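Colleague: Whatever this is, show me its structure:
(one chain, ligands or ions: 1)
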Amino acid sequence: MHSLLKFITCGSVDDGKSTLIGHMLYDAKLIFADQKKALELDSKVGSNDGGIDYSLLLDGLMAEREQGITIDVAYRYFTSDRRSFIVADTPGHEEYTRNMAVGASFADLAVILVDASKGVLVQTRRHSRICALMGIRHVVYAVNKMDLVDYDEGTFENIRVEINKMTAEYDFSTRYLIPVSATAGDNITKLSERMPWYHGKTLLAYLEEIDVTDNTAQDGFVLPVQRVSRPNREYRGFQGQIEVGEIAVGDDITVLPSGNVSKVKSIYNMMDKTDAAFADQAVSIELEDEIDVSRGCVFVKDVDLQVGKMFTARILWMDDTKLVEGKNYYLKIGTNTVPAVVINIKYKMDVNTGDKLKTERLFKNEIAVCNIACSDPIVYDKFSEHKDLGCFILIDRITNMTSACGVIEHSLRREGNLTWHEMDITRKLRAKQKGQTPKTIWMTGLSGAGKSTLINELEKRLFAQGKHTMVLDGDNVRMGLNKNLGFKEVDRIENIRRVSEVAKLMNDAGLIVLTSFISPFAQDRASAREVIGNENFIEIYVATSLEECEKRDVKGLYKKARSGQLPNFSGISSPYEPPKNPEITIDTAGQTVEESVDYLLKELTKWGC
Ligand code: ADP
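Modeller: Alright, predicted model coming up:
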């Protein structure tokens, strides 16, 4: 059987990616006859002097894409006499970097195009860096458009020196340069007579011969659990694809992150019962013991994987909105998805020079090293050790878009040195002593909606009932704990994070916490809910309308905001995102404070307060 090479082509618009691959397919007779005829016809009306425009071969795919189904990366399959290929063709549009990263994550080799007439550009550096980041070990630089520089050896040699300098820091196992002309077909499938000074291989020959076998193959057995299947009461199977190694009935298995151990009772490969299964097979495994396993757990045998919440990673930011330290995302790694926060950006890379630059935010297409904390322990490994459990994506929680892809460099030692001390007097005991259920009552709403007024009255009523309470008020907190924070986005996120952590500690102390923060962004409130715990969190949306709040204008802030003196004022010069599913909603317009509080107390009892 032919061996398979998965590769990606990288280049900017007009670098000649499509022409290059198109030419290779054409010369090697890898296209259908009628397709060839169509191509000749098309090219006659095209602009290529009646010659064949090879880019039409691949660009034909674009039209299909534009029919409506969005396929960001198109995969082409072709076979030569010596090898089979899959090439990821990534459209060179605005979203190029994103598509390229997706393509690169699948490929063993990258063909990076360099325009001989322009030399090594920022894009060339960016493409090389992304390939290195995504773990590509083999790179071919196709120095294209040699016809435009009269097939000059000196030009090619200068580019070689630049590329050698650039790639010195990357961990590429092989790197090869070929001078080509994609339109004229030099050195694509046949050695060019116009470049007798070149003694290397043609692109096709090189791609047919290169050995990309990964010698770092891992020992042991790894299977990330994708699904728990329970077709009947007798059978509970854990389904997934074996990533590393093999497994047999009777083998011991450790389930991570819990560390629970069991034995393999049965294995199904598709519908067939079998005694053993191997890497790349999709299987269903039944265990001897009833232990807790869910999607995202990993079955292992004789292998060391990390289990933890914090690590350092190298990421490529792909979102139109910038990354801000402290913002909450979903992190998807293997079959697991958990809430996660980029705690801090250690530095971003200057793609040109490789310099490390200090920053608090990251814009589209930038690469950075940062520390990430997940809300729950995940199973992972260094990317250099284990490709599949070493790379992840970050997903925006509101838009559901992939915001970044990243690879794990190492776990954070900080985490290893911290241990959560379990005390004898627990939260439950403290709460019991106070005779109440600790909750955090989180009031959100526009300025002037009535949050502070209601919190104040509510606390008095709870206090009178003998409840133990504490109020966290936005302005008050900013005068003490958070007095070093301003109103920029990073500060706003940190403000809510600290308040949430404090509220949680107070709940641990057995107290009912009442908070009054405008907290205009759904994401911040979601983070607070996460920290405090969904079961302890009661969100009250004080839904008094903007008109009513502005009419009240207790602090004169609306007047100021309207005259442009308050740049980030929620509801006027900055958005307020109303909660979608608050536990309680109240509109205070036309109600006395007492009526409002009566209503809230009644509602709160329904939520166990
Ligand atoms: P916030 O804390 O949301 O900025 P405040 O509590 O400071 O709002 O201001 C709300 C204003 O609305 C106060 O002047 C309050 O007396 C008035 N108000 C009128 N009716 C009500 C009501 N039913 N509940 C709360 N406040 C009310």
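
Colleague: Please tell me how far the residue of the stretch 301-450 of the chain found nearest the ligand sits from residue 443.
Modeller: Residue nearest to the ligand within the stretch 301-450 of the chain: residue 450 (2.8 Å; CB to the nearest ligand atom). C-beta coordinates here come from the backbone N, C-alpha and C atoms, glycine included. Between residue 450 and residue 443 the computed distance is 9 Å (CB to CB, to the nearest Å).

Colleague: what sits in contact with each of the two?
Modeller: By CB atoms under 8 Å, 6 or more residues apart in numbering, residue 450 and residue 443 have these common neighbours: residue 542.

Colleague: what about residue 126, is that helix, strand or coil?
Modeller: With DSSP: H, G, I helix; E, B strand; the rest coil as the basis, residue 126 sits in helix.

Colleague: The stretch 451-600 of the chain against the ligand: which residues are in contact?
Modeller: Contact residues, the stretch 451-600 of the chain versus the ligand (CB under 6 Å from any ligand atom): 451, 452, 453, 454, 516, 552, 554, 588, 591, 592, 593, 596.

Colleague: Out of those, which two are the most distant from each other?
Modeller: Using CB to CB, these span at most 19.0 Å, a distance reached by 516 and 592.

Colleague: Look at these two and report which has more neighbours.
Modeller: With neighbours defined as other CB atoms under 10 Å, residue 516 and residue 592 compare such that residue 516 has more, 27 against 9.

Colleague: Next up, the contacts around the residue lying farthest from the centre of the chain.
Modeller: Relative to the centre of the chain, the most outlying C-alpha is that of residue 464, 49.1 Å out, by CA atoms, centre = their mean. By CB under 8 Å, 6+ apart, the contact list for residue 464 is empty.

Colleague: Repeat that for residue 358.
Modeller: Residue 358 sits next to residue 347 when contact means CB under 8 Å, 6+ apart.

Colleague: What residue, apart from its backbone neighbours, is nearest residue 152 spatially?
Modeller: Leaving aside its sequence neighbours, residue 152 sits nearest to residue 146 (CB to CB, 6 or more residues apart in numbering; 7.8 Å).

Colleague: The one you found touches residue 178, doesn't it?
Modeller: No: Residue 146 lies out of contact with residue 178 (CB atoms under 8 Å); the separation is 9.7 Å.

Colleague: what about the residue nearest to residue 152, how many neighbours?
Modeller: Residue 146: 27 surrounding residues under other CB under 10 Å.

Colleague: Look up phi and psi at it.
Modeller: Dihedral angles of residue 146 (phi, psi; degrees, to the nearest 10) stand at phi -60, psi -30.

Colleague: try residue 179
Modeller: Main-chain torsions, residue 179, degrees, to the nearest 10: phi -80, psi 130.

Colleague: From the ligand, how far out is it?
Modeller: Separation of residue 179 from the ligand (CB to the nearest ligand atom, to the nearest Å): 69 Å.

Colleague: so that residue makes contact with residue 194?
Modeller: No: using CB under 8 Å, residue 179 makes no contact with residue 194, being 9.7 Å away.

Colleague: can you list the residues of the protein near the ligand?
Modeller: Residues of the chain lying near the ligand (CB under 6 Å from any ligand atom): 445, 447-454, 516, 552, 554, 588, 591-593, 596.

Colleague: So which of those are in helices?
Modeller: Using DSSP state H, 451, 452, 453, 454, 552, 593, 596 are the members of these that sit in helices.

Colleague: most neighbours, which of those?
Modeller: Ranking those using other CB under 10 Å puts residue 451 first, with 26 neighbours.

Colleague: quick one: pLDDT of it?
Modeller: Note on residue 451: pLDDT of 95.

Colleague: check contacts around it.
Modeller: Applying CB under 8 Å, 6+ apart, one finds that residue 451 lies in contact with 443, 444, 445, 516, 517, 518, 542.

Colleague: Chain neighbours aside, what residue packs nearest to residue 334?
Modeller: residue 224 (4.0 Å).
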